[in-house]
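Visitor: sequence and predicted structure are below.
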Amino acid sequence: MRVGLFIPCYVDQFYPDVGMATVEVLEKLNLEVDFPPEQTCCGQPMLNTGCTTAAVPLAKRFVDIFADYDYVVCPSGSCTSMVRNHFHELLHDDPGYLKLQKKSFELCEFLHDVLGLTRWEGEFPYRVGVHQSCHGLRELRLEGCSEEMRSRPRKVQGFLSGLKGIEFTQLKRPDECCGFGGTFAVAQEAISVMMGDDRLEDHQQAGTEVLTATDMSCLMHMEGIIRRNNIPMAVMHVAEILAGRRPTKPWKPSELKSASA
């Protein structure tokens, strides 16, 4: 099985270790993983801000680059959803896109739905809070939403539950938005930060030591609030936990203050 690794722009520029952790996870399963260096942004920021025409060539380029892989795997529910659910607005019934649409997956989704895995072996002795990013939750259905009447397989927490020593914190509002929303965090900064504050307050009352998610964009937003407010909480992408990384944590407020000085 030949897998094309699709790395979001912000992961490539700010969190390259998340990309490397994704490679480690996939290679542990004896998969052939390839990172096409010519890949660019998928066009999600343009489409979200109404610049549809500007997003079209990026979508076409994406299809051309990843067309020949057996599967495309991405450590982001948001960017995966852009390809699978929103490229149709740009490319319509293009045959190349329709073929690619069926074989593009978020990392945990790929492990569960394609490879049939349900748990991951390892050790992670921390109190972990799982943040459900909006795209992964409501567009990819990685977990069940609170408004749904039926349960769904827990593709994220399910994998992590196999790790020895892990303990999941219980949130009052388990599927609430963190407030990032891409360009929303720039256009509506005050509202975005207030939503992030609320999300982190819920994790604090639950006793979260390590905050994780499938989207580094959501974690990036909350990590900024964590650092500015000296909150003793570490942030890790799910791929980093599965790859056996350890947090620099639990961070103490004094350590956070010195780190940001």
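Guide: Great, that's in hand.

Visitor: contacts for stretch 97-110?
Guide: 6, 22, 25, 59, 62-63, 66-67, 69-77, 80, 83-84, 87-88, 91, 113-114, 136, 140, 142, 155-156, 159, 214, 238-239 (C-beta atoms under 8 Å, 6 or more residues apart in numbering). Just so you know, the C-beta spots here come from the backbone N, C-alpha and C atoms, and that holds for glycine as well.

Visitor: among the residues you listed, name the buried ones.
Guide: 6, 22, 25, 59, 62-63, 66, 69, 71-77, 80, 83-84, 87, 91, 136, 140, 142, 155-156, 159, 214, 238-239 (16 or more other C-beta atoms under 10 Å).

Visitor: so where's this protein shaky on pLDDT?
Guide: Applying pLDDT under 70 to the chain flags residues 144-154, 249-261.

Visitor: domain-wise, how is it divided?
Guide: 2-114, 122-260 (automatic domain parsing).

Visitor: so what's residue 203 closest to, chain neighbours aside?
Guide: Nearest residue to residue 203 in three dimensions, chain neighbours excluded: residue 129, at 4.5 Å (C-beta to C-beta, 6 or more residues apart in numbering).

Visitor: in the chain, which helix is the longest?
Guide: Secondary structure assigned by DSSP state H gives helix 189-206 as the longest helix of the chain.

Visitor: then stretch 183-201 to CSV, C-alphas only?
Guide: Extracted C-alpha coordinates of stretch 183-201, given in CSV (Å, rounded to 0.1, in the frame of the first residue of the first chain):
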residue,chain,number,x,y,z
THR,A,183,-9.5,33.2,9.3
PHE,A,184,-12.3,33.7,11.9
ALA,A,185,-9.6,34.0,14.6
VAL,A,186,-8.2,37.0,12.7
ALA,A,187,-11.5,38.7,11.6
GLN,A,188,-13.2,38.1,15.0
GLU,A,189,-10.3,38.0,17.4
ALA,A,190,-12.1,38.9,20.6
ILE,A,191,-14.9,36.3,20.1
SER,A,192,-12.3,33.7,19.1
VAL,A,193,-10.3,34.2,22.2
MET,A,194,-13.4,34.1,24.5
MET,A,195,-14.4,30.8,23.0
GLY,A,196,-10.9,29.5,23.5
ASP,A,197,-11.0,30.6,27.1
ASP,A,198,-14.2,28.8,27.7
ARG,A,199,-12.9,25.6,26.1
LEU,A,200,-9.7,25.7,28.3
GLU,A,201,-11.7,26.5,31.4
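
Visitor: the buried ones among the contacts of stretch 97-110 in helices, which ones?
Guide: Using DSSP H, those in helices are 22, 25, 59, 62-63, 66, 77, 80, 87, 91, 136, 155-156, 159, 238-239.

Visitor: the spatially closest residue to residue 140 that is not a sequence neighbour and residue 161: what is the separation?
Guide: Distances taken as C-beta to C-beta, 6+ apart place residue 77 nearest to residue 140, at 5.2 Å, with adjacent residues excluded. Going from residue 77 to residue 161 by C-beta to C-beta, to the nearest Å gives 19 Å.

Visitor: same check, this time on residue 56
Guide: For residue 56, the distance to residue 161 equals 41 Å [C-beta to C-beta].

Visitor: and what of residue 6?
Guide: Distance, residue 6 to residue 161, using C-beta to C-beta: 26 Å.

Visitor: what helix or strand is the residue nearest to residue 204 when sequence neighbours are not counted on?
Guide: Of all residues not flanking residue 204 in the chain, residue 231 sits nearest, at 6.7 Å (C-beta to C-beta, 6+ apart). Under the criterion DSSP states H and E, no helix or strand holds residue 231.

Visitor: what about residue 231, distance to residue 174?
Guide: For residue 231, the distance to residue 174 - C-beta to C-beta - is 19 Å.

Visitor: understood, closing this out.
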